[in-house]
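K.L.:
Task: produce atomic coordinates for the following.
(2 chains)
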Protein chains: 2
Amino acid sequence: MGVHDAMYVLGGKWKIYIITGLLFGPMRYSELLKNITGISGKSLSRELREMELNLLIRRTVTGTSPVTVIYELTEYGESAKSIIGVLSEWGEEHRELIVRTK
Amino acid sequence: MGVHDAMYVLGGKWKIYIITGLLFGPMRYSELLKNITGISGKSLSRELREMELNLLIRRTVTGTSPVTVIYELTEYGESAKSIIGVLSEWGEEHRELIVRTK
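P.N.:
I've put the predicted structure just below:
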């Protein structure tokens, strides 16, 4: 049950990468786009909108001119750090086998 | 880096569910199809083929008549149990919030 709930909010191709990026700190849209290899602007906008609705991230529009939009993890989003950590450990532990089967 | 490698073999919509299912033990194709809500036969065949190529699962054809095809996790596939465990914990811990934002 827990796996289904987690996958409901974290599933799909890009959310894990967006959380991994934002764990380094708040980022502008353009920084996220640059940081996540292979993601299109359209996909990034859709994933960010979903993550905002699911309360994983917060979107702040600053009063600069032009306006700047900053994305950051909420406390709830930050809690996914445990999943990112285990994924990273597992990926590194099996890197040799993963690369061999690519 | 580790996250990218892990996502390379575990990413996509269904692989986490297939591993979760096979953690309970070897299964026939028809059992997997029944156990994973919403997956189509086409998607299941494709995901199983990829997972076999990535050495996460083993496919055994038994000499029964008609032939039976059994899928089971390799030791490497079984090691993803740590990720499933953390996903499950996180999902249960945040179930209330996840359900509220569905």
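K.L.:
Could you export whichever helix or strand A:R46 is part of as PDB, keeping only the C-alpha atoms?
P.N.:
Following DSSP states H and E, one finds A:R46 within helix A:41-53. The C-alpha coordinates for helix A:41-53 follow below in PDB (Å, rounded to 0.1, in the frame of the first residue of the first chain):
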ATOM      1  CA  GLY A  41      10.400  22.700 -20.900                       C
ATOM      2  CA  LYS A  42       6.900  21.400 -21.300                       C
ATOM      3  CA  SER A  43       7.600  18.300 -19.100                       C
ATOM      4  CA  LEU A  44       9.300  20.400 -16.500                       C
ATOM      5  CA  SER A  45       6.400  22.800 -16.200                       C
ATOM      6  CA  ARG A  46       3.900  19.900 -16.000                       C
ATOM      7  CA  GLU A  47       5.900  18.000 -13.300                       C
ATOM      8  CA  LEU A  48       6.400  21.200 -11.300                       C
ATOM      9  CA  ARG A  49       2.700  22.000 -11.400                       C
ATOM     10  CA  GLU A  50       1.900  18.400 -10.200                       C
ATOM     11  CA  MET A  51       4.500  18.600  -7.500                       C
ATOM     12  CA  GLU A  52       3.100  21.900  -6.300                       C
ATOM     13  CA  LEU A  53      -0.400  20.500  -6.200                       C
END
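K.L.:
strand partners of the helix or strand following that helix, parallel vs antiparallel please.
P.N.:
Helices and strands here follow DSSP H and E; after helix A:41-53, the next one along the chain is strand A:57-62. According to DSSP bridges, strand A:57-62 forms sheet pairs with strand A:68-73 (antiparallel).
K.L.:
Show me the contact partners of the partner strand.
P.N.:
Strand A:68-73 is contacted from outside by A:19, A:22-23, A:25-29, A:32, A:48, A:56-62, using Cβ atoms under 8 Å, 6 or more residues apart in numbering or on different chains. Heads up, the C-betas are built off the backbone N, CA and C, glycines and all.
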